[in-house]
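> Need coordinates for the following:
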Amino acid sequence: MADANIRIPEEAKDRLAAIAAAEGLSLSAYLARLAETLLTPAERAERAEQARTALHAWTGYAPTDSEQREADAELDRRLAESWDR
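This is a model prediction of the structure:
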């Protein structure tokens, strides 16, 4: 696959290049390694479903959609609160 031209702010490129250099990598190699550590939205959804299935099999816990929304809202609230600190 040919290299892709990706436009990002110069500051972001410089920061990524500095991080890559500190790890002894080229920017290209660093980005390739970073890509291997990230999940696509579909992969995250698949893993979440696997986790829910395992949790249900292990504990019998199976939240309703409403309970899941409430838990998500609570997590979002707590994360927002922690960011404000």
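> Could you tell me the per-residue confidence at the residue of the chain most remote from its centre?
In terms of distance from the mean C-alpha position of the chain, Gly60 ranks first, at 27.4 Å (Cα atoms, centre = their mean). In this model, Gly60 is scored at 93, pLDDT.
> again, but for Gln50
Looking at Gln50, the pLDDT reads 95.
> Report how many residues lie close to it.
Gln50 has 10 neighbours, counted by other Cβ atoms under 10 Å. The way it works is simple: take the backbone N, C-alpha and C, and place the C-beta from them, glycine included.
> From Ala54, how far off is the residue farthest from the centre of the chain?
According to Cβ to Cβ, to the nearest Å, Gly60 and Ala54 sit 12 Å apart.
> Check Asn5 too.
The spacing between Asn5 and Ala54, counted by Cβ to Cβ, is 42 Å.
> low pLDDT regions in this protein?
Across the chain, the ranges flagged by pLDDT under 70 are 1-3.
> Settle this for me: Arg33 is touching Leu25, isn't it.
Yes: taking Cβ atoms under 8 Å as the definition, Arg33 is a contact partner of Leu25 at 7.0 Å.
> Compare these two (neighbour count), which wins?
Taking other Cβ under 10 Å, Arg33 and Leu25 do not tie; Leu25 has more neighbours (16 against 12).
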